[in-house]
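Asker: Got a sequence here, can you build the structure:
(chains A and B)
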Amino acid sequence: QKEVEQNSGPLSVPEGAIASLNCTYSDRGSQSFFWYRQYSGKSPELIMSIYSNGDKEDGRFTAQLNKASQYVSLLIRDSQPSDSATYLCAVKGRGFQKLVFGTGTRLLVSP
Amino acid sequence: KAGVTQTPRYLIKTRGQQVTLSCSPISGHRSVSWYQQTPGQGLQFLFEYFSETQRNKGNFPGRFSGRQFSNSRSEMNVSTLELGDSALYLCASSLSSTDNYGYTFGSGTRLTVV
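Answerer: Numbering: from 1, shown residues only, chains lettered A, B, ... in the order given. Below is the predicted model:
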C-alpha cells in the first residue's frame, strides 16, 4: 500500500465549476497535511496546509481533513483555466518524519 | 525575501561520473530536504538535514549522499552516475523539520545522464 494515494486523473472540469481533489494516507500518526500545485516544467508550490480535522478556507481553496478516515481533500471553487496543473498531496508524521508526496492529480479546466 | 536557490539549473553528465548539486534555503530556514522527481515515480524523498545533521533518509542507494553546512546551505552528491539517475532534483526548505511548517521548493536541477 502506498503511503499517500491520489487518483492520477486527469480530472476535467469546466470553467467556473468546483474541482474536488482527493487524497488518502496510510500512517494514522500523520500530523501535517499539505497541498502543492505544480505547473508543467515548474517546481511544486505550496497552496494549502491543514493540521486539524475540519475545513480550512483560503480564497477559492478549501482543504478538508478527516483523520479518522485518513482522508484529505482540496476543493477549488470557480475553477479557472489557470488552475490547470498537477496537484500534489503531501503528508508528514510527528517530529522528524519525512514529508511524503502522492503522485499527484492532473486537473484540466476547460474555458 | 529570496526563495530557495538551486544551482546549477541544468546538467548533462556521462555515465560513471559524479555530480554535486547545491541548495541555498530561505534565510532563517534550518531544514533542507532533497527529492528526486521522475515522470514515472513522482516525488521521491532522498534525505533531510536539520542543523547539519541528517534527520531522515529515503530508499536510495549509497551513491546518493548529502550534507548541510553551518549556514544551512546543503549539497547533494551522486557518484557513479547511471542513466536512471536522470531526473529533476528538487530541494525544499522549512523553518524546522518538525510538524507544522510547510516546505518551499527551489526551481530544481535538471540532471541528464548520457
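
Asker: okay, CA-based contacts and neighbour counts for the rest of this
Answerer: OK.

Asker: For residue 75, which non-adjacent residue is spatially closest?
Answerer: As the question left the chain open, I've gone with chain A. Nearest residue to A:L75, sequence neighbours excluded (C-alpha to C-alpha, 6 or more residues apart in numbering or on different chains): A:S20, at 4.7 Å.

Asker: actually chain B
Answerer: Nearest residue to B:E75, sequence neighbours excluded (C-alpha to C-alpha, 6+ apart): B:S22, at 4.5 Å.

Asker: quick one: which helix or strand includes the one you found?
Answerer: strand B:19-24 (DSSP states H and E).

Asker: Give me the contact list for that strand.
Answerer: Strand B:19-24 is contacted by residues B:4-8, B:13, B:72-79, B:81, B:91, B:106, B:109 when judged by C-alpha atoms under 8 Å, 6 or more residues apart in numbering or on different chains.

Asker: Okay, buried residues for the very next helix or strand once past it please.
Answerer: Later in the chain than strand B:19-24, the nearest helix or strand by DSSP H and E is strand B:31-38. Of all the residues in strand B:31-38, those buried under the rule 16 or more other C-alpha atoms under 10 Å in any protein chain shown are B:S31, B:V32, B:S33, B:W34, B:Y35, B:Q36, B:Q37.

Asker: can you give me the offset of strand B:31-38 from its chain's centre?
Answerer: 4 Å (C-alpha atoms, centre = their mean, to the nearest Å).

Asker: Extract the C-alpha trace of that strand and format it as PDB.
Answerer: Output of strand B:31-38 as PDB, limited to C-alpha atoms (Å, rounded to 0.1, in the frame of the first residue of the first chain):
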ATOM      1  CA  SER B  31      15.700  22.300   7.400                       C
ATOM      2  CA  VAL B  32      16.600  21.300   3.900                       C
ATOM      3  CA  SER B  33      15.100  18.300   2.100                       C
ATOM      4  CA  TRP B  34      16.000  16.700  -1.200                       C
ATOM      5  CA  TYR B  35      13.700  15.000  -3.700                       C
ATOM      6  CA  GLN B  36      14.100  13.200  -7.000                       C
ATOM      7  CA  GLN B  37      11.200  13.700  -9.400                       C
ATOM      8  CA  THR B  38      10.700  11.500 -12.500                       C
END
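
Asker: Using the three-state scheme, assign the residue of chain A found nearest chain B.
Answerer: For chain A, the residue closest to chain B is A:G95, as judged by C-alpha to the nearest C-alpha, at 4.4 Å. Using DSSP: H, G, I helix; E, B strand; the rest coil, the secondary structure recorded for A:G95 is coil.

Asker: Go through the buried residues of strand B:31-38 and name the one nearest chain A.
Answerer: Looking across those and measuring by C-alpha to the nearest C-alpha, the closest to chain A is B:S33, at 8.7 Å.

Asker: buried sites along stretch A:102-111?
Answerer: Within stretch A:102-111, the residues scored as buried using 16+ other C-alpha under 10 Å are A:G102, A:T103, A:G104, A:T105, A:R106, A:L107, A:L108, A:V109, A:S110.

Asker: Okay, the closest residue in space to the fifth one that isn't next to it in sequence and B:Q37: tell me how far apart.
Answerer: Setting aside the residues directly before and after it, A:R106 is nearest to A:T86 in space (C-alpha to C-alpha, 6+ apart), at 4.2 Å. Spatial separation of A:T86 from B:Q37 under the definition C-alpha to C-alpha, to the nearest Å is 13 Å.
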